[in-house]
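In: below are the sequence and a predicted model for it; my questions follow.
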Amino acid sequence: MGAARELYRVAITLAGYFGIYRLYELALEKAVIEREIPSHVGLILDGNRRWAEEKRIPRWLGHKYGADKLEEVLRWLLKLGVKVMTVYVLSIDNIRERPIEELENIYNLIIEKARSLKSDPLVHENKVHIRIIGEWELLPADVRSALKELENVTHGYDKRHLNVAVAYGGRYEIVRAARKAAELVQKGEVSLGEIDDYFLSKLMYTGQLPNPDPDLIIRTSGEVRLSGFLIWQSAYSELVFLDVYWPEFRYIDLLRAIRTYQRRNRRFGR
């Protein structure tokens, strides 16, 4: 009987805690949606491996939970009305530095999620245009094929935009844009005097989007740096660094990050 009473007490305590937590979440959500929602949100998905190590499970499971979490977070962002989302999935440095076995697991997850998103009703109901940004040639052929199929399926959509940064590096993106500008000058299509920051911005991966520069960038895991993510576009982005691993990222964490953004005074250098 004593053990039963203790279990009952714990159950009542937990029910009260989660009830209060849910009420707080609802109140925070209401406060957030009553103010300006960032039009473009960037996400640096960090902490999958460390989360797995702390849980004493294989690293690939950390990436699996992280990939599942991304689908959930995309739903939250769509629900809140965010128009453009850019997510940092795999960097060029990751490809060069990570063990082959780990990369193969990540590639398999990318293929799996690409196929899942291709038929996801939420993508089609919200008319989400999905684009892959990065150095395609660094990816295996089967990964490129799955990602290209995903792009093709959503090519005609323009209500929402999802950029997936795979084999991406911000410095490489700037070099790519500079080379393109040099080629245009060499061909006589533009003059050297026409090359300015606005012109180069149009040559970036996000250059043709209605909101090319992120209003808000969120990075999980407690690391306080961009690690090459949208270096050009983030000049005036608001940055929020959260001390939570990506697989444990909650809706309330997203709401708090957006509330932090809403409380800041964006001056854009003025």
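Out: Nice, I can see it. Keep in mind the model is a prediction, meaning the values are calculated, not measured.
In: residue boundaries of the strands in the stretch 1-150 of the chain?
Out: Assigned by DSSP state E, counting those that start in this stretch, the stretch 1-150 of the chain shows strands spanning 40-44, 84-91, 128-133.
In: next, format these as CSV and append mean pLDDT and distance to residue 68.
Out: In short, each C-beta sits where N, CA and C put it, glycine included. CSV is the format used below for those (pLDDT from 0 to 100; distance: least, C-beta to C-beta, whole Å):
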stretch, mean pLDDT, distance to residue 68
strand 40-44, 98, 15
strand 84-91, 98, 13
strand 128-133, 97, 18
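In: could you say which of those is packed most deeply?
Out: Of all these, strand 40-44 has the most neighbours on average by mean count of other C-beta atoms under 10 Å, namely a mean of 26.
In: that one versus strand 84-91: what angle between them?
Out: For strand 40-44 against strand 84-91, the angle by axes from the mean of the first three to the mean of the last three C-alpha atoms, to 10 degrees is 20 degrees.
In: out of the strands of the stretch 1-150 of the chain, nearest to residue 185?
Out: strand 128-133 (24.0 Å; C-beta to C-beta).
In: from the chain's centre, how far out does the closest one sit?
Out: Using C-alpha atoms, centre = their mean, to the nearest Å, the mean C-alpha position of strand 128-133 is found 12 Å from that of the whole chain.
In: what helices or strands is that strand leaning on?
Out: helix 141-153, strand 160-168 (3 or more C-beta pairs under 8 Å, 6 or more residues apart in numbering; DSSP states H and E).
In: and if we set it to 10 Å?
Out: strand 84-91, helix 100-118, helix 121-125, helix 141-153, strand 160-168 (3 or more C-beta pairs under 10 Å, 6 or more residues apart in numbering; DSSP states H and E).
In: pull out the buried residues from the shortest one.
Out: When you say that, I think you mean helix 121-125. For helix 121-125, burial by neighbour count (16 or more other C-beta atoms under 10 Å) applies to residue 123.
In: hey, C-alpha coordinates of that helix in CSV?
Out: The C-alpha trace of helix 121-125 is given here as CSV (Å, rounded to 0.1, in the frame of the first residue of the first chain):
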residue,chain,number,x,y,z
PRO,A,121,0.8,16.5,-47.0
LEU,A,122,2.0,19.5,-44.9
VAL,A,123,4.5,20.4,-47.6
HIS,A,124,1.9,20.3,-50.3
GLU,A,125,-0.9,21.9,-48.3
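In: would you mind pulling the contact partners of it?
Out: 71, 74-75, 78-79, 116-118, 128-130, 150, 153-154, 157, 159-160, 162 (C-beta atoms under 10 Å, 6 or more residues apart in numbering).
In: just the buried residues from these, in ChimeraX please.
Out: Command for ChimeraX, covering only those of these found buried under the criterion 16+ other C-beta under 10 Å:
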select :74,78,117,118,128,129,130,150,153,154,157,160,162
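In: show me the shaky parts of this structure.
Out: Under the criterion pLDDT under 70, the flagged ranges of the chain are 1-19, 269-270.
In: now with 80?
Out: 1-22, 266-270 (pLDDT under 80).
In: who's in contact with the residue positioned nearest the centre of it?
Out: Centroid-nearest residue in the chain: residue 87, 2.2 Å away (criterion: C-alpha atoms, centre = their mean). Residues in contact with residue 87, defined by C-beta under 10 Å, 6+ apart, are 41-45, 70, 73-74, 77, 162-166, 229.
In: same thing but at 6 Å, please
Out: 43, 164 (C-beta atoms under 6 Å, 6 or more residues apart in numbering).
In: tell me the domain ranges of this protein?
Out: 1-34, 38-263 (automatic domain parsing).
In: just name the most buried of those domains.
Out: domain 38-263 (a mean of 17).
In: run the chain-centre distance for that domain.
Out: 5 Å.
In: span of that domain from start to end?
Out: 12 Å (C-alpha to C-alpha, to the nearest Å).
In: now stretch 116-135
Out: 23 Å.
In: and stretch 161-174, by the same measure?
Out: 21 Å.
In: kindly report the same for stretch 50-60.
Out: Start-to-end, stretch 50-60 (C-alpha to C-alpha) is 11 Å.
In: got it, and stretch 84-99?
Out: First-to-last residue span, stretch 84-99, C-alpha to C-alpha: 32 Å.
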